[in-house]
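*Asks:* based on what follows, work out the 3D shape:
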Amino acid sequence: MEPSLPKIESLVRKIKDEMFSSVDFYSFVSPSAYDTAWLAMVPDPTPGNDGGPMFRECLNWIVNNQRDGFWGELDGYGNPTIDCLPATLACMLALKSWGVGSGNVERGLAFIHANTKKLLEDHLDRCPRWFAIVFPAMIELAQKSGLEIVFPDELEEVLTDIFCQRQQLLEREELVNKYHYSPLISYLEALPSSYGTIDDEDIVKHLSEDGSIFQSPSATACAFMTTGNRRCMSNLQALVERFPGGVPSIYPMDEQIIQLNMVDHIQRLGLAYHFQGEIENILEHVYSRYMRQEQKPQHSLIPIQIYNDSLAFRLLRMHGYHVSPWRFCWFLNHKDILIHMEEDCEHFSSVMYNVYRATDLTFPGEYELLVARSFARKLLQKISSVGIRDDAVALVPNFHSLIEQELGLPWMARLDHLDNRMWIEQKSKNSTLWSGKASFYRLSCFDDEGLMQLAVKNYEFRQAIFKSELGELKRWCKGCGLTDIGFGREKTTYCYFAVAASCSLPHDSAVRTMIAKSAILITIADDFFDAKGSVEELEILTDAVGRWNGKGLSSHSKTIFEALDDLVSCMTEKHLHQQGSDIANDLRDIWHETFASWLVEAKRSRTGYIPSMHEYLDTGMTSIATHTIVLPASCFLNPNLPKGKLKPPQYETITKLLMVVARLLNDTQSYQKEQEAGKFNYVSVYMKENPGPGTDIEDAISYIRSMLDEKRKELLEHALMDGLDDLPKPCKHLHLSCFKVFQMFFNSGNRFDSNTELVHDINKAIYIPLEVQTLKPLKPLSGPKKANLTMNAHLGQTYKLPWVKSSFIMQWISPKTLRDDIGKISISLKPKTCFV
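*Replies:* Numbers count the residues shown, from 1 in each chain. As a prediction, the model looks like this:
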């Protein structure tokens, strides 16, 4: 059953209430079990409290929020992620230290024993940096607390490699290294004594203004337990007051990144027109703050800073805000940062993806964006070949397919409706995990069931409308005699698909049908002038259009004119009813101008006259007929095109740019076909005016593409920025949509003339249902096997693992020692060299 518009409107109201009425964007952030556990371990320093937990609500949260034996995040299939290993160990450690939750601990141990091997399988060659730091530390602290940890003996090599990787990191990195996010000191709770002495002065020196250790609740908790610093305590108290229970992995967090990602997500789902006011309010706030920020790197926050700045640039520019590329291209001026990004490109995968997307919106003269695009492309290509394991910002599902799409097909050549479909299907199967310091977290606006339901119903509703409108369009073509006219290209479905999939028009918009009818007529009439009609027939038809009188016409000329008259009459009547003004003569003038240009080209072709480049383009930009499509249709948008803008002398720059760019796009892909038919286009005209042994088709195409590139940037600037053209914003956006259609048709070939290349896209856009699913957890992982690799806590006993060399000695301490002296534990596991 087709989804109804009232249901969609009901969902929109519900989501507005739930997602936009609250100003607290922290409510979208999921809690971090790992960080909550460290706050739960903080003893209350208040005299007379007898050493109880300072944040009992965090301890209660741990007891009440254990999943199926574990704590931590799930992937899109309902299975635990790798961060569940350190998170579960930390939560058991917190419970053990206060002597509570024995049942939770028992279930947690069972989970660790049963699932460690499975969870580590995907990281056999190399685990994420944060995991290599935190996981060994949690094993060591769990041992000290008396927890019995059992690993299968086949994990010997994997665990050895993880401890080895940690040692390499500790030997390579400084306590605060400006290139690492997060720096080692933000893992204060997980640093072994082998790293060296970190005294109170070192800790206090690196406190942020808010009293945190690099926005890490777990490190801040450890810093407080170590130093007793009041600024740390105030930070922790404010954190728990705001989040009474589970705390986030980052605090304080930049709320702007939540806002930007929420807007981007809504747009990519194809829902932006439902939330225009809400999006504009967010972007206005973002713009105000964005313009006040300094354009310099905040070391140790570089990945998140570039991610945030590039996403803000793209969204703000798309919505018409004036923003300089240097608001995010500042990193190009820091050679050391560029070198680090190239050496650790995997860490910057989502960052480079956002940088590349931001450079889609390049205006003339913005050479810094060209440099940034080239740099991002190079790194994304490298990332595609090496894989992604350790992203500093986000783990995006099916990220390789997104990278391939961006690199393989430019945004300018993609249609919004199909992009929306890809995003909906991807997000229904798996969702983004955001990277905290030592755990993943989710933004509920990405996983909101109501939002996804709205996206699906909205897409299905649009498909239902598209099918209905396409059926009516086919009946109109048949009724007018266009379907069976007997010559040329039958492109009814192609024309409708192009407008429907490219324009974000309201559900009830009649503009789609107007544009499609115009495009169909243009295709048929252009073919008639190109190949079918005699010069005399073409002259008579053009004269009839000029007089707007079809008397005396016959055969194909009569069919074309009568269909055109029907279209113009309907548009005139509709505009008179809606706007109160008669645009019949204006519409007729535009169509006559187009027919006259076709006649000029037909006569040139049949007499063998080759025009100059200027002559050719002056006629060709009219004969491509993009203005004949967008200007009349713009009269029905809201706000609509002023009546005076329909006349040729009043064409705005953006309209002229669209006419030129569409002509050049067509000519770069159709020159071979026209050359074989004995015709000419801009490629052959260029070669005529630039004769010589060094000039060939490749030179001509290279020249045209260079010209196209500059015109494309101009068109984009005119479409997005105010003050350059005296046209309402919806009219300019329609120009941009029309350009994207031509780019799609002629990006790497002539898809418009192909009878097969667009079939799959058309079916996905109009006919094939969305492939969405409700994800279910996979079957439980198998239980532990008998193993001889056992970490068993024997109080007061020195124990040597059978696979550890003599320098790897662990000195066990009792749970009470851990509880009383947590934060000052000296771990005597001191690996000096890596081992195999």
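
*Asks:* burial check on Gly608, number of neighbours?
*Replies:* 8 (other Cβ atoms under 10 Å). C-beta coordinates here come from the backbone N, C-alpha and C atoms, glycine included.

*Asks:* and it, how far is that from Asp527?
*Replies:* Going from Gly608 to Asp527 by Cβ to Cβ, to the nearest Å gives 21 Å.

*Asks:* starting at the chain centroid, how far to the helix or strand hosting Phe745?
*Replies:* Using DSSP states H and E, Phe745 maps to helix 729-746. Averaging C-alpha positions (Cα atoms, centre = their mean, to the nearest Å) puts helix 729-746 21 Å from its chain's average.

*Asks:* kindly report the same for stretch 407-423.
*Replies:* On Cα atoms, centre = their mean, the centre of stretch 407-423 falls 11 Å from the chain's centre.

*Asks:* now what about it, what contacts it?
*Replies:* With contacts defined as Cβ atoms under 8 Å, 6 or more residues apart in numbering, stretch 407-423 is touched by 268-270, 356-357, 360, 377, 380-381, 384, 405, 455, 459, 462, 498, 500-504, 712, 739-741, 743-744, 747, 761, 764-765, 770.

*Asks:* quote the end-to-end distance of it.
*Replies:* In stretch 407-423, first residue to last residue: 17 Å (Cα to Cα, to the nearest Å).

*Asks:* now it: buried residues?
*Replies:* 410-423 (16 or more other Cβ atoms under 10 Å).

*Asks:* ok, which stretches of the stretch 251-400 of the chain are helices?
*Replies:* Remark: helices assigned in the stretch 251-400 of the chain by DSSP state H, counting those that start in this stretch are 255-268, 276-290, 302-318, 326-329, 335-343, 349-358, 367-386, 399-408.

*Asks:* any idea where the helices of the stretch 451-600 of the chain begin and end?
*Replies:* Here the stretch 451-600 of the chain has its helices, by DSSP H, counting those that start in this stretch, at 492-502, 511-527, 535-547, 555-579, 584-607.

*Asks:* just put these in JSON lines and tack on mean pLDDT.
*Replies:* Converted to JSON lines, the helices of the stretch 451-600 of the chain look like this (pLDDT from 0 to 100):
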{"stretch": "helix 492-502", "mean pLDDT": "96"}
{"stretch": "helix 511-527", "mean pLDDT": "96"}
{"stretch": "helix 535-547", "mean pLDDT": "97"}
{"stretch": "helix 555-579", "mean pLDDT": "96"}
{"stretch": "helix 584-607", "mean pLDDT": "95"}
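
*Asks:* output those helices as JSON lines; include the columns distance to Leu311 and mean neighbour count.
*Replies:* Formatted as JSON lines, those follow (distance: least, Cβ to Cβ, whole Å; neighbours: other Cβ atoms under 10 Å):
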{"stretch": "helix 492-502", "distance to Leu311": "23", "mean neighbour count": "24"}
{"stretch": "helix 511-527", "distance to Leu311": "31", "mean neighbour count": "23"}
{"stretch": "helix 535-547", "distance to Leu311": "49", "mean neighbour count": "17"}
{"stretch": "helix 555-579", "distance to Leu311": "38", "mean neighbour count": "18"}
{"stretch": "helix 584-607", "distance to Leu311": "40", "mean neighbour count": "19"}
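
*Asks:* let's have those in JSON lines, adding distance to Cys329.
*Replies:* Shown next, in JSON lines, are the helices of the stretch 451-600 of the chain (distance: least, Cβ to Cβ, whole Å):
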{"stretch": "helix 492-502", "distance to Cys329": "29"}
{"stretch": "helix 511-527", "distance to Cys329": "37"}
{"stretch": "helix 535-547", "distance to Cys329": "50"}
{"stretch": "helix 555-579", "distance to Cys329": "44"}
{"stretch": "helix 584-607", "distance to Cys329": "42"}
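
*Asks:* OK, contacts around the residue lying farthest from the centre of the chain?
*Replies:* The outermost residue of the chain relative to its centre, with distances by Cα atoms, centre = their mean, is Gly552 at 57.1 Å. Contact analysis of Gly552 by Cβ under 8 Å, 6+ apart lists Ile540, Ala544.

*Asks:* can you tell me how far it is from Ala596?
*Replies:* For Gly552, the distance to Ala596 (Cβ to Cβ) stands at 19 Å.

*Asks:* below-threshold pLDDT in the stretch 651-800 of the chain: ranges please.
*Replies:* For the stretch 651-800 of the chain, applying pLDDT under 70 flags the ranges 694, 774-800.

*Asks:* that one: strands as residue ranges?
*Replies:* Listed in chain order, the strands of the stretch 651-800 of the chain (DSSP state E, counting those that start in this stretch) span 789-791, 798-799.

*Asks:* so where is this structure shaky, pLDDT-wise?
*Replies:* Confidence mapping of the chain against pLDDT under 70 gives the ranges 1-3, 22-23, 124-125, 179-181, 295-300, 389, 649, 694, 774-836.

*Asks:* burial of Ile388, as a residue count?
*Replies:* Neighbours of Ile388 (other Cβ under 10 Å): 17.

*Asks:* pretty sure it contacts Phe399?
*Replies:* Yes - Ile388 lies in contact with Phe399 (Cβ atoms under 8 Å); the separation is 5.8 Å.

*Asks:* common neighbours of these two, please.
*Replies:* Joint contacts of Ile388 and Phe399 (Cβ under 8 Å, 6+ apart) are Ser349.

*Asks:* quick one on the thing from earlier: packing partners for the helix holding Phe745?
*Replies:* helix 492-502, helix 626-634, helix 653-676, helix 697-720 (3 or more Cβ pairs under 8 Å, 6 or more residues apart in numbering; DSSP states H and E).

*Asks:* with distance to Leu159 as extra columns, can I get the ones you listed in TSV?
*Replies:* Shown next, in TSV, are the helices and strands packed on helix 729-746 (distance: least, Cβ to Cβ, whole Å):
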stretch	distance to Leu159
helix 492-502	52
helix 626-634	64
helix 653-676	57
helix 697-720	53
